[in-house]
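In: The amino acid sequence is not available; the structure is as follows:
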């Protein structure tokens, strides 16, 4: 169950810029990055017995489960330092720069 929940959260990180307003997505990406910075790990990994030994991450686990074996340390570095910041920038460009309206748009 936790693995599926983690997968849904990860998938939402990728498709979220098309679904949710930029301020929610940027906040979510910031929380994920803070988690890596403060705890030096993904807190969800423990819930489904994914050890971060040998630089194993959720992304490395998913890739390896479909036969893609990239260097785990490089995957971890990319995810922890570049991916979520890049997704935040993409979200801002898409919604603020290109005026894309997300499918679920909260108006306050």
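Out: Yep, that arrived. What you see is a predicted model, and the numbers here were worked out from it, not measured in a lab.

In: Tell me where the protein is predicted with low confidence.
Out: Scanning the chain for pLDDT under 70 picks out 46-52, 108.

In: ok, now with 80
Out: 1, 45-54, 106-108 (pLDDT under 80).

In: how many other residues sit next to residue 90?
Out: Neighbour count of residue 90, defined by other C-beta atoms under 10 Å: 14. Any C-beta I mention is one placed from the backbone N, CA and C, and that applies to glycine too.

In: next one: residue 44
Out: By other C-beta under 10 Å, 18 other residues sit near residue 44.

In: my read: it touches residue 3, true?
Out: No: look at residue 44 against residue 3 with C-beta atoms under 8 Å: they stay out of range, at 9.1 Å.

In: Would you map the helices across the protein?
Out: Using DSSP state H, the helices assigned to the chain run over residues 2-19, 22-39, 58-65, 72-78, 84-92.

In: Might you report the residue contacts of residue 33?
Out: Residues near residue 33 by C-beta atoms under 8 Å, 6 or more residues apart in numbering: 84, 85.

In: so how far is residue 65 from it?
Out: 25 Å (C-beta to C-beta, to the nearest Å).

In: Just give the closest residue to residue 96, not the sequence neighbours.
Out: In this structure, residue 96 finds its nearest non-sequential neighbour in residue 22, 6.3 Å apart by C-beta to C-beta, 6 or more residues apart in numbering.
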